[in-house]
Structure formats: structure tokens, C-alpha cells
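Student: have a look; sequence and predicted model below, questions after that.
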Amino acid sequence: MPKKFQGENTKSAVSRARKTEAKAEERAREEQAKEDAYWRDEDKHVQRKTQRKNDQEQKRQQEMERKQAKQQAYEEEMNTLTASKQKQQQTTKVTQAQIEKERQIEEMRRKEAEKERLLEQKKIVVQDESETLEENVNRMTIEGQSARTVEEAISVLKQTTEQQQQQDRHPEKRVRAAYAAFEERRLAELKQEKPTLRLSQLKQLVKREWMKSAENPLNEQIIGIVQQP
């Protein structure tokens with residue numbers, strides 16, 4: 001007769017099942033541990049990369065700020081030097097202009113003083129026309145004699161010394177020619193300088209200048225007389 005089938009041992013089955021379950025749990029724990037370790041390593045790697053990036057950005061920002069500060073300091077220094085140089089140049093220009101102006105004024109005063117001194121020595125007084133520029137002629141007094149016109153002044157000067165008469169037989173021609181040239185030149189200049197004045201006023205100004213001008217032969221004769229020993 002065939003052998004009767006006997007069922008599996010319950011205890012053995014339970015034991016095997018427990019072992020299988022334990023192994024499965026162990027494998028699951030190992031897998032979880034591996035996965036956790038992987039993610040921990042990955043997080044550390046990401047953190048290191050982020051830290052390096054932050055450090056590089058900080059260094060770049062610091063370098064940029066350093067360059068900007070250096071550039072700003074350079075520009076401020078250059079602006080200060082430029083302003084100082086411009087101020088010095090302006091001061092120098094003003095000083096030179098003032099010196100030149102004062103020199104010219106002093107030279108004019110010296111010439112006027114010298115001319116007045118020479119005229120005073122011969123008791124020559126020149127009376128200018130009024131500032132209104134009206135039609136008045138200048139008057140010259142020489143040794144007590146009066147002259148209101150160029151012709152009269154020539155006549156008076158001709159009587160000062162016999163030596164002068166011998167040196168210049170026709171002074172009136174020389175004076176007229178000199179005055180004509182002087183008037184022509186100065187009228188052209190004064191028209192540019194004082195365009196609002198009338199011709200008669202301009203001529204009056206020319207006459208005033210003529211009475212004091214070194215181009216006036218009468219003044220040359222006066223100075224020559226004064227300088228005689």
C-alpha cells in the first residue's frame with residue numbers, strides 16, 4: 001500500500017518564514033542605509049559647491065569694490081590737482097594782468113608828470129576844452145602871450161628865440177601837414193571807438209589829443225627849448 005501523505009511540519013515552516021522575513025527586513029534596512037548615505041553625500045557635495053560659489057562671488061564683489069574705491073580715489077585726486085592748477089593759473093593771469101595794468105598807468109603818470117614839469121619850466125599852460133565837447137578851441141599861453149588857434153600858437157612860438165626862427169623858416173606848413181595826417185588817422189580810429197559821436201565832436205577830441213601829442217611839432221619845439229642849457 002502506498003505511504004500515507006504527511007503534511008509539512010508547522011514549526012519548520014514558521015521558522016523558515018521568520019528567517020525569510022528577517023532577511024528581507026535586513027536587505028530593506030541595508031538598501032535604506034545605502035540610500036540615506038547616498039543622499040547625505042549628495043547634500044554635502046551640493047553644499048560644498050554652493051559654498052565655493054558663494055566664496056567666489058564674495059571675493060569677486062570685494063575685488064570690484066576695491067577697484068571702484070581705487071578709481072574713485074584716483075579721480076578725486078585728479079580733480080583736486082586740476083582745480084588747484086586752474087586756480088593757480090587764474091591767479092597768475094590776474095596777477096600778471098594787474099602788474100601790466102599798473103605798469104602802464106605808472107608809465108602814463110610818469111610821462112604826464114615829465115611833460116607838466118617841462119611846460120611849467122617855460123610857464124606854458126595848456127587849457128583844454130570843456131568835457132561837453134562843445135565847439136571850443138584850445139588856448140595856449142606862452143610867456144604871457146595867448147594863442148587860440150594853431151596859427152596864433154605858431155606866431156607866439158616863432159617869437160620865443162631868434163635861434164628857433166633860423167632853424168625853422170616855415171613852421172606853419174610843417175604843423176599843418178602834421179596835423180592833417182594826425183587828424184586823418186585819429187578820426188578813423190575814433191569813429192570805430194566812439195561810433196555814437198558826431199563828426200564835430202570827434203574833431204574836438206582830435207584837437208585835444210593834438211595839443212598834447214608828441215607828434216605835434218609845437219610840442220617838439222617846446223621840449224627842445226626846455227632842454228636847452
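Tutor: Good, I have the coordinates.
Student: need the contact list for the nearest residue to residue 216 once chain neighbours are set aside.
Tutor: Nearest residue to residue 216, sequence neighbours excluded (Cβ to Cβ, 6 or more residues apart in numbering): residue 210, at 5.7 Å. No exception for glycine: its C-beta is placed from N, CA and C like everyone else's. The neighbours of residue 210, taking Cβ atoms under 8 Å, 6 or more residues apart in numbering as the test, are 179, 182-183, 216.
Student: residue 210 falls within a helix, correct?
Tutor: Yes: counting by DSSP: H, G, I helix; E, B strand; the rest coil, residue 210 falls inside a helix.
Student: relative to residue 112, how far out is it?
Tutor: 16 Å (Cβ to Cβ, to the nearest Å).
Student: how about residue 19?
Tutor: Distance of residue 19 to residue 112, computed by Cβ to Cβ: 138 Å.
Student: which elements pack onto the longest helix seen in the chain?
Tutor: Across the chain, the longest stretch assigned as helix under DSSP state H is helix 10-121. Under the contact criterion of 3 or more Cβ pairs under 8 Å, 6 or more residues apart in numbering; DSSP states H and E, helix 10-121 touches helix 217-226.
Student: lowest average confidence, helix or strand, in this structure?
Tutor: Ranked by mean pLDDT, DSSP states H and E, the helix or strand of the chain with the weakest confidence is strand 124-127, at a mean of 42.
Student: just give the nearest non-adjacent residue to residue 190, would you?
Tutor: Per Cβ to Cβ, 6+ apart, closest to residue 190 is residue 202, 4.9 Å.
Student: correct me, but the one you found touches residue 187?
Tutor: Yes: using Cβ atoms under 8 Å, residue 202 is in contact with residue 187, at 5.8 Å.
Student: looking at the two, which one has more neighbours?
Tutor: Comparing residue 202 with residue 187 by other Cβ atoms under 10 Å, the one with more neighbours is residue 202, at 21 against 14.
Student: does that one count as helix, strand or coil?
Tutor: Going by three-state DSSP: residue 202 is helix.
Student: ok, it - contacts?
Tutor: Counted by Cβ under 8 Å, 6+ apart, residue 202 has contacts 187, 190-191, 194.
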